[in-house]
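> Show me the folded form of this:
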Amino acid sequence: MTPIPLPADLDHITLFLAVEVFQAAKALEAEGRSVIHLEFGEPDFPTPEAVLEAGIRAMRDGATRYTHSLGIPALRETICAYHGRKYGVSLHPDQVVVSAGSSLLMAMLMRMLLSPGDEVILADPTYACYANYVRLAGGVPVMAPITEEEGYQLHPERVKAAITPRTRAVLICSPANPTGVVLRPETLRELAALEVPVISDEIYHGLNYAGRDTSILEFTERAFVLNGYSKFFAMTGWRMGYMIYPRELMGQVMKLHQNLMISAPDFTQHAAIAAMTEAVPVCEEYAREYDRRRLFMIERLGQIGLPLKYEPSGAFYVFADARRFGRDSLALAMEILAETGVALTPGADFGPGGEGHLRFSYANSMENIAEAMNRLEKYFAARG
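Sure, this is the predicted structure:
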């Protein structure tokens with residue numbers, strides 16, 4: 001049978017290795033093995049009750065239809081008010097688009113900003129899918145190295161050195177995936193001063209254990225902010241995200257979103273309003289528990305042979321250098337899974353600078369994290 005021809009540039013789209021590990025872990029569970037999942041950044045806490053009630057009430061009240069393509073006005077106004085309280089910035093609802101998760105909006109944004117061959121500067125290591133969003137839009141990801149010895153901070157001078165006439169944006173994430181590092185406010189200020197738009201993924205805001213969150217919008221109006229409800233608000237399955245953008249681009253944003261999505265789901269937008277107006281205290285309690293787990297995991301990793309040289313102070317990730325146990329992080333993660341039943345994400349998922357590392361998520365119970373550390377201690381002790 002003649003194969004269906006596909007464009008060659010799809011070969012440049014990489015696998016999501018966290019999913020590869022997850023699928024292998026589920027296969028072990030199907031065989032009756034006990035598996036502890038530390039590979040995914042998904043809150044183990046339930047969606048707050050106020051959010052559930054708002055979503056159910058909205059469905060019963062008939063909020064099951066198409067909405068405005070940018071999102072219902074009440075939610076966009078709520079997002080503006082939330083950012084005003086949290087960051088002291090003034091936004092207009094026309095600067096906000098709501099969609100089924102921030103990932104689709106990120107892909108849409110790349111298509112809006114990039115022509116074939118245009119460049120986007122990323123940290124290395126960084127979130128696994130960013131480079132693929134750039135490639136899917138015909139762009140070229142340009143990696144700016146960050147190192148554990150430098151605290152995994154992105155240096156503006158390194159970004160500036162990577163800028164070329166084809167550079168269209170700098171993409172940052174703070175608190176960061178996979179390192180859990182929070183970028184310094186002065187770093188954000190310096191990046192905002194560059195003659196290149198900044199795309200700031202702020203999905204982990206609210207999960208900052210070292211101080212208050214700082215948004216790129218505090219330093220420039222000519223930025224794009226991606227955020228949503230999956231992490232801080234424990235709403236991964238609701239698939240709700242939003243993007244804030246320069247107001248003059250509203251027409252382009254609305255046109256693209258209409259074609260890709262028509263609109264975000266109706267009742268989930270009402271649930272998102274409840275998240276921002278009623279559920280923050282509950283989610284702050286969740287964050288305090290994440291912090292307790294974070295400190296425990298950092299201490300235990302040092303005891304089992306994976307000490308950190310930096311401070312992961314946000315999100316729910318720790319990024320450990322495991323090169324003394326194996327340079328191929330995927331092979332090492334799969335071996336650890338097979339021998340211990342602990343699922344971890346290989347560092348190679350996050351770019352060349354992540355190879356030889358393992359990402360640990362503490363979005364799991366303290367009991368499970370403790371058991372995982374005990375299993376890993378035996379594993380690493382046997383390997384010397």
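
> so what's Glu195 up against?
Contacts here follow CB atoms under 8 Å, 6 or more residues apart in numbering; on that basis Glu195 touches Ile163. For glycine as for every other residue, the C-beta is placed from the backbone atoms N, C-alpha and C.

> switch to 10 Å and redo it
Residues near Glu195 by CB atoms under 10 Å, 6 or more residues apart in numbering: 160, 163, 167.

> Please enumerate the helices of the stretch 201-350 of the chain.
Applying DSSP state H, counting those that start in this stretch to the stretch 201-350 of the chain gives helices spanning 250-261, 266-278, 280-303, 329-340.

> ok, back up a step: mind checking which of the contacts of Glu195 are in helices?
If you go by DSSP state H, those have Lys160 in helices.

> Narrow the contacts of Glu195 to those that are buried.
Taking 16 or more other CB atoms under 10 Å as the criterion, what is buried in the contacts of Glu195 is 160, 167.

> Which stretch among the helices of the stretch 201-350 of the chain is buried most, on average?
helix 266-278 (a mean of 22; mean count of other CB atoms under 10 Å).

> what's the angle from it to helix 280-303?
80 degrees (axes from the mean of the first three to the mean of the last three CA atoms, to 10 degrees).

> Could I get the average pLDDT for helix 266-278?
Per-residue pLDDT over helix 266-278 has a mean of 98.

> One more: stretch 369-384?
Average pLDDT, stretch 369-384: 94.

> out of the contacts of Glu195, who's nearest Ala223?
Using CB to CB, Thr167 comes nearest to Ala223 of those, at 15.0 Å.

> who touches the closest residue to the closest one other than its chain neighbours in this structure?
Distances taken as CB to CB, 6 or more residues apart in numbering place Glu119 nearest to Thr167, at 4.8 Å, with adjacent residues excluded. Neighbouring residues of Glu119 by CB under 10 Å, 6+ apart: 134, 139-142, 162-170, 196.

> For these, which single residue is the most surrounded?
Val170 (28 neighbours; other CB atoms under 10 Å).

> Break this structure down into its domains, please.
8-46+281-382, 50-279 (automatic domain parsing).

> Just the endpoints, please. Distance across the first one?
Read that as domain 8-46+281-382. Domain 8-46+281-382 has its terminal residues 44 Å apart, counting by CA to CA, to the nearest Å.

> Could I get the helices of the stretch 201-350 of the chain in JSON lines, plus columns for distance to Val181?
JSON lines is the format used below for the helices of the stretch 201-350 of the chain (distance: least, CB to CB, whole Å):
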{"stretch": "helix 250-261", "distance to Val181": "30"}
{"stretch": "helix 266-278", "distance to Val181": "26"}
{"stretch": "helix 280-303", "distance to Val181": "13"}
{"stretch": "helix 329-340", "distance to Val181": "19"}
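
> and of the ones you listed, who's closest to Phe40?
Closest approach to Phe40 among the helices of the stretch 201-350 of the chain (CB to CB): helix 329-340, 12.9 Å.

> by contact count, what packs against the closest one?
Where contact means 3 or more CB pairs under 10 Å, 6 or more residues apart in numbering; DSSP states H and E, helix 329-340 is packed against helix 17-30, strand 342-343, strand 345-346, strand 357-361, helix 366-382.

> Make a markdown table from those and add distance to Met108 and mean neighbour count to it.
Output for the helices and strands packed on helix 329-340, formatted as a markdown table (distance: least, CB to CB, whole Å; neighbours: other CB atoms under 10 Å):
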| stretch | distance to Met108 | mean neighbour count |
| --- | --- | --- |
| helix 17-30 | 22 | 16 |
| strand 342-343 | 31 | 26 |
| strand 345-346 | 26 | 30 |
| strand 357-361 | 27 | 27 |
| helix 366-382 | 36 | 16 |
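
> how far out from the middle of the chain is stretch 8-19?
The chain centre lies 18 Å from the centre of stretch 8-19; the measure is CA atoms, centre = their mean, to the nearest Å.
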